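# Sequence first, then the predicted structure:
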Amino acid sequence: MDERFEKIKDALVELREASRNCEKSDTGIRKLIDKYDMIFSSKNINTILTIELAHSLTTKFNIPIQHEELAALVPSLCEQLGMTYAELYPAEEIGKGINNPEHVAYHIVLY
């Protein structure tokens, strides 16, 4: 893989560790959200969305990337890091039976 792929992988590892080590209080969660400028959700504060990840990679990690490009990398990234993910499609497409890979977003479970 290329250097940018490795940088994104490193960023995901950092996000996983920051989430694991986050103080699970309103203040701790707020600090995590502010530091990476993205929402971490679920009971364990360990899930993220690729739309927000692309923003954080660009603004906080200095890895410019468009969401569509990131979405294409998610399966390989998650497989290598042992992270699970789920595909998310716009509701209007699902209702029509369309699963357009260009419109997919991912819900990533960091650990």
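Okay, I see it. Numbers count the residues shown, from 1 in each chain.

# For the protein, just list every one of the helices.
Ranges of helices in the chain, per DSSP state H, are 3-21, 26-36, 50-59, 67-81, 91-94.

# Run through the neighbouring helices and strands of the fourth one.
So the one you mean is helix 67-81. The elements that helix 67-81 packs onto, with contact taken as 3 or more CB pairs under 8 Å, 6 or more residues apart in numbering; DSSP states H and E, are helix 3-21, helix 50-59, strand 84-88, strand 105-109. C-betas here are computed from N, CA, C, even on glycine.

# For the first one, which residues meet the burial criterion?
It refers to helix 3-21. 8-9, 11-12, 15-16, 18-19 (16 or more other CB atoms under 10 Å).

# just checking, residue 81 touches residue 17?
No. Using CB atoms under 8 Å, residue 81 is not in contact with residue 17, being 11.5 Å away.

# which regions of the protein sit below the pLDDT cut-off?
1, 90-103 (pLDDT under 70).

# at 90 instead, please
By pLDDT under 90, the low-scoring segments of the chain are 1, 87-104.

# How about the contacts made by residue 56?
Listed by CB atoms under 8 Å, 6 or more residues apart in numbering, the contact set of residue 56 reads 11, 15, 36-38.

# hmm, back to that, same list (the helices of the chain) but as TSV, adding distance to residue 42.
Below are these laid out as TSV (distance: least, CB to CB, whole Å):
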stretch	distance to residue 42
helix 3-21	10
helix 26-36	11
helix 50-59	14
helix 67-81	16
helix 91-94	21
